[in-house]
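> A structural model of the following input is requested.
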Amino acid sequence: MSDLSSSPRRSGWTPKGREAAVRLYLSGAAGQAADLVGTRAAGWALELNMVAVTDWIDPAELTGAACAVIQVDADTPASIKRFERLAAATETPLLAASFEPPLALVRALIRGGAHDVIPLPLDLAELETSLQPLRELATERRHSGSNGRRKLVTIIKGEGGVGATSLIAQVATRFAARAKRPQGARPA
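Numbering: from 1, shown residues only. From the prediction side, this is the model:
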């Protein structure tokens, strides 16, 4: 049961105590998709939302979701565009689902932000396989206290023999030492 309470920081109402779920956005309960509702995949509950393949999905609906599976129709360019726009508008991991997706569509969806592309009708074993890396990532973030943002340091040398390899080794050692040190502790 969800407890809905007003949030003073945000306008409107927000659910509290609700576990993250995988939201399925499908145009029809083809195959066994309806049978998946109420089950779990990779430890997450599945929620079915019926929506046409071209209807816009509000990114705010995905807030708090572990992942979303979005149906894409290979023969409908508006469907592909909807997926790409949604992927750009949300940080929630997205899986694309399509009936017999051609390789060109799979490539376009991966470039467009899909974590994976799975065939329809949905199969629980295939859905588990696609969700497992996302589950591991979520578990890693929870245990490390990370919000998923990482820093990238790039060192480019101007010419050979200037000590770039030594510099990179020193920087890596410093970052590793800093990561192991408790927050607030000073270096020895």
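> For this protein, name the helix or strand with the lowest mean pLDDT.
strand 3-6 (a mean of 34; mean pLDDT, DSSP states H and E).
> So the residue nearest in space to the middle of the chain versus Ala60, what's the distance?
Nearest to the mean C-alpha position of the chain, counting by C-alpha atoms, centre = their mean, stands Pro93 at 1.5 Å. For Pro93, the distance to Ala60 equals 16 Å [C-beta to C-beta, to the nearest Å]. Backbone N, C-alpha and C define where each C-beta goes, glycine included.
> do Gln170 as well
Taking C-beta to C-beta, one finds Gln170 at 45 Å from Ala60.
> Repeat that for Ala164.
Distance of Ala164 to Ala60, computed by C-beta to C-beta: 46 Å.
> what does Ala179 give?
34 Å.
> repeat for Ala41
Distance of Ala41 to Ala60, computed by C-beta to C-beta: 23 Å.
> quick one: contacts of the host helix or strand of Arg178?
Following DSSP states H and E, one finds Arg178 within helix 164-180. For helix 164-180, contacts defined as C-beta atoms under 8 Å, 6 or more residues apart in numbering pick out 153, 155-157, 187.
> count of neighbours near Val72?
The tally of other residues near Val72 (other C-beta atoms under 10 Å) stands at 26.
> swap in Arg135?
Residues near Arg135, counting by other C-beta under 10 Å, number 17.
> The nearest residue to it once chain neighbours are set aside: what's it in contact with?
The shortest distance from Arg135 to any residue other than its chain neighbours is 4.2 Å, reached at Ala42 (C-beta to C-beta, 6 or more residues apart in numbering). Shown in contact with Ala42 (C-beta under 8 Å, 6+ apart): 22, 127-128, 131-132, 134-135.
> Now the closest residue to Thr76 other than its chain neighbours: which helix or strand?
Counting by C-beta to C-beta, 6+ apart, Thr76 lies nearest to Val53, which is 5.8 Å off, once chain neighbours are set aside. Counting by DSSP H and E, no helix or strand carries Val53.
> Quick check: Val53 vs Ala108, distance?
15 Å.
> More neighbours: which of Ala41 and Ala60?
Counted by other C-beta under 10 Å, Ala41 and Ala60 do not tie: Ala41 has more neighbours, with 25 against 10.
> Quick check on that one: phi, psi?
phi -140, psi 130 (degrees, to the nearest 10).
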